[in-house]
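> Okay, predicted coordinates and the sequence, questions at the end:
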Amino acid sequence: MSDFDEDVVVIGSGFGGSVAALRLVEKGYRVRVYEAGRRFEDDDFAKTNWNLRRYLWAPALGCFGVQRIHRLPHVMILAGAGVGGGSLNYANTLYQPGSAFFEDPQWAGIAPWEQELAPHYATAKRMLGVVEHYPHTGPIERIMAGAAEDLGVGATFRRAPVGVYFGRPGERVPDPFFDGAGPARTGCTLCGNCMVGCRVGAKNTLMKNYLALAERRGAVIEAMRTVVEVRELAAGGFAVTTRRTGAWGRGRSRTVTAERVVLAAGTWGTQQLLHRMKASGALPRIAQALGRLTRTNSEALDGAVSTAVPDGSEFARGVAITTSFHVDERTHVENVRYGPGSNLMGALATVLVPGDVSVLRRLGTLAGAVVRHPIRQLRLGMLRRWSERGIIALVMQSADNSLTLSLRRRFGRDVLTSAQGHGAPNPSYLPQAHRAAEAIAHRMTAETGVPAFARGSWPEVFGIPLTAHFLGGAVLSDTPEHGVVDPYHRVWGHPGLSVVDGSAVPANPGVNPSLTITALAERALSYWPARGEPDPRPEQARLGR
């Protein structure tokens, strides 16, 4: 009989935490999962992203939705919240990176990663129900194909691999993925609101696969519990302290003990917790490399908007991301859509301004555009039916740039801050993104007959890029001098603590990272012994010491 309350506590329920929950309970462990966000049934999601209480994550304001927004000096971060983590509001998009990612010098010498991870990518695709090529064609798909041709990269155009159940639209059927062991599913209706939360039940969120199966095998998932401390115990194991999310003041805390802990709170949550535990002495041997090689996937969010809704427009019909192309060998562009009525993200859009000039000159360009074309800019800036007349261009790169995160004291609290890190500076704008946005706008005009114009974002005007794929900072490495976790995802110096989320990813993948996080987690958990069996993993003393 164990002296611990649990065998394993998993912190977070996103792509890494969900894999840990299922694979560990399959191996006989008693598993408890803590999730800071709430649990959502399909009908609980917001109908549009104007329902801020159900869409945005701002506990202090009583908002317990799926969309987190964080701010650092060098980047604005979009992330997920709730049981299922980022799967609740991501775009169902499950690409595998190119060879450059696997060959990055940070980790290339540890293993032949492309071959090593191949079977785990296959498992991840099966579990997440990947459809390799989005099966429908509409105006956006034609516009994206045409823009790729105009840029001279038509051969790189492809349909996105997506995790969606494309049965008969709106028809409910018994689980079609796991021989009936999973929840019933409903065929996709192409409503476009994947990133607001799928009310249909077609999106393959983690509550439709890993987490549902883990719960049925006995894993316990506690929602609305924020982990505030993970402390190493003198006799071995850990004490994990939680408080109710959003509680006023300090709130009532609860502590459980566990022999092992899996940290999978997303890059923001995991880094924040590790930095604070290192500073407080709760986890004193965390490597000095903590915070280094924090990645933004070298992203930009630009796009194009028409001055009016085109006749018969179906811009908002389809899943969130359906196609992509490469502007160059390291720059990947995807179309992004929201469904009818979900126009809130249009508030981030503004005039596309030059990125290689000062903020004052960017503001001058913006003001000049308004003065020269006031009526046009008014039409472009209106949020009414924005999702039905616009295309967001999500641009990602496999470039080697990074930030270094650390703690600073602000208003009596320790908060994360950023500085430029290894490699090139984190870019405040991408010229390739501007070219793609202009090409998309040109093809939109040709496709619809309604004038369309390239658009940038307000954060970009002020030199602050946006990312929906915040990664790294507790990266996998061959020694504690080069990273925070060993090749088996155990924290250097604290081998009973593992990190299996995006913070362990060592390089910019240049594509949506969800499938990669899942595959890395599958690999990490495949090395865990069954409960009570000898551990096949070498001791850390024999690794990089």
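Okay, I see it.
> from here on, contacts and neighbour counts on C-alpha atoms
Will do.
> Ile311: how many residues sit nearby?
Just so we're on the same page, residue 311 is Asp rather than Ile. Look at Asp311: counted by other Cα atoms under 10 Å, it has 9 neighbours.
> and Glu229, that one's in a strand?
Yes - counting by DSSP: H, G, I helix; E, B strand; the rest coil, Glu229 is found in a strand.
> Tell me the bridge partners for it.
Beta-bridge partners recorded for Glu229 (DSSP bridges): Thr241.
> so how far is Ser253 from it?
Going from Glu229 to Ser253 by Cα to Cα, to the nearest Å gives 10 Å.
> next one: Thr123
Distance from Thr123 to Ser253, counting by Cα to Cα: 38 Å.
> the more surrounded of these two?
Using other Cα under 10 Å, the more surrounded residue of Thr123 and Ser253 is Thr123, with 16 against 13.
> counting contacts, what elements does whichever strand or helix holds the more buried one pack onto?
Assigned by DSSP states H and E, Thr123 falls within helix 113-128. The contact analysis (3 or more Cα pairs under 8 Å, 6 or more residues apart in numbering; DSSP states H and E) places helix 113-128 against helix 99-102, helix 514-526.
> hmm, 10 Å instead?
Applying 3 or more Cα pairs under 10 Å, 6 or more residues apart in numbering; DSSP states H and E, one finds that helix 113-128 contacts helix 15-26, helix 99-102, strand 130-131, strand 162-163, helix 514-526.
> what about the strands in the stretch 1-150 of the chain?
Counting by DSSP state E, counting those that start in this stretch, one finds strands in the stretch 1-150 of the chain at the ranges 6-11, 31-34, 57-58, 63-64, 67-72, 75-80, 130-131.
> and of those strands, who's closest to Leu363?
strand 75-80 (19.0 Å; Cα to Cα).
> For that closest one, list the C-alpha coordinates in PDB.
Extracted C-alpha coordinates of strand 75-80, given in PDB (Å, rounded to 0.1, in the frame of the first residue of the first chain):
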ATOM      1  CA  VAL A  75       5.000  38.900 -27.500                       C
ATOM      2  CA  MET A  76       1.200  38.600 -26.900                       C
ATOM      3  CA  ILE A  77       0.100  35.000 -26.300                       C
ATOM      4  CA  LEU A  78      -3.100  33.300 -27.200                       C
ATOM      5  CA  ALA A  79      -3.700  30.000 -25.300                       C
ATOM      6  CA  GLY A  80      -6.400  27.600 -24.100                       C
END
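> which other residues reach it?
If you take Cα atoms under 10 Å, 6 or more residues apart in numbering as the criterion, strand 75-80 is touched by 14, 37, 56-57, 65-71, 85-90, 195, 266-268, 296, 299, 403, 418, 426-428, 459-460, 463-470.
> and it, which strands flank it?
Neighbouring strands of strand 75-80 in its sheet, by DSSP bridges, are strand 67-72 (antiparallel), strand 466-467 (parallel).
> which residues are in contact with the next helix or strand after the last one?
Along the chain past strand 466-467, the next helix or strand (assigned with DSSP H and E) turns out to be strand 471-472. The contact list for strand 471-472, computed with Cα under 10 Å, 6+ apart, reads 266-268, 270-271, 290-297, 402-405, 483-484, 501-509, 513, 517.
> before we move on, the earlier item: pick the most deeply packed of the strands paired with strand 75-80.
Highest mean neighbour count among the strands paired with strand 75-80 (mean count of other Cα atoms under 10 Å): strand 466-467, with a mean of 24.
> Off-centre distance for that one?
Centre-to-centre, strand 466-467 and its host chain are 11 Å apart (Cα atoms, centre = their mean, to the nearest Å).
> hang on, the earlier thing: output the helix holding Thr123 as PDB - backbone C-alpha positions only.
Taking Å, rounded to 0.1, in the frame of the first residue of the first chain, the C-alpha atoms of helix 113-128 are listed here in PDB:
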ATOM      1  CA  TRP A 113      14.100  12.300 -33.900                       C
ATOM      2  CA  GLU A 114      12.300  12.000 -37.200                       C
ATOM      3  CA  GLN A 115      12.600   8.200 -37.000                       C
ATOM      4  CA  GLU A 116      12.300   7.900 -33.300                       C
ATOM      5  CA  LEU A 117       9.000   9.800 -33.200                       C
ATOM      6  CA  ALA A 118       7.500   8.300 -36.300                       C
ATOM      7  CA  PRO A 119       5.500   5.600 -34.500                       C
ATOM      8  CA  HIS A 120       4.400   8.100 -31.900                       C
ATOM      9  CA  TYR A 121       3.100  10.500 -34.500                       C
ATOM     10  CA  ALA A 122       1.200   7.600 -35.900                       C
ATOM     11  CA  THR A 123      -0.400   6.800 -32.500                       C
ATOM     12  CA  ALA A 124      -1.200  10.500 -32.000                       C
ATOM     13  CA  LYS A 125      -2.900  10.700 -35.400                       C
ATOM     14  CA  ARG A 126      -5.000   7.700 -34.700                       C
ATOM     15  CA  MET A 127      -6.000   8.900 -31.200                       C
ATOM     16  CA  LEU A 128      -6.800  12.500 -32.400                       C
END
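> the inter-axis angle of it versus helix 514-526?
Helix 113-128 runs at 100 degrees relative to helix 514-526, counting by axes from the mean of the first three to the mean of the last three Cα atoms, to 10 degrees.
> Could you check the angle helix 113-128 makes with helix 15-26?
Going by the same axes, to 10 degrees, helix 113-128 makes 80 degrees with helix 15-26.
> what's the average pLDDT for helix 113-128?
Mean per-residue pLDDT for helix 113-128: 98.
> And stretch 232-251, by the same measure?
Stretch 232-251 comes out with an average pLDDT of 88.
> buried ones in it?
In terms of neighbour count (16 or more other Cα atoms under 10 Å), stretch 232-251 has its buried residues at 232, 237-246.
> can you map out the helices along the stretch 201-350 of the chain?
For the stretch 201-350 of the chain, applying DSSP state H, counting those that start in this stretch gives helices covering 210-216, 266-280.
> Run the chain-centre distance for the first one.
Think helix 210-216. Counting by Cα atoms, centre = their mean, helix 210-216 is centred 21 Å from the centre of its parent chain.
> Would you mind giving the strands paired with strand 75-80 as a markdown table with distance to His434 and mean pLDDT added?
A markdown table is the format used below for the strands paired with strand 75-80 (distance: least, Cα to Cα, whole Å; pLDDT from 0 to 100):
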| stretch | distance to His434 | mean pLDDT |
| --- | --- | --- |
| strand 67-72 | 23 | 95 |
| strand 466-467 | 14 | 92 |
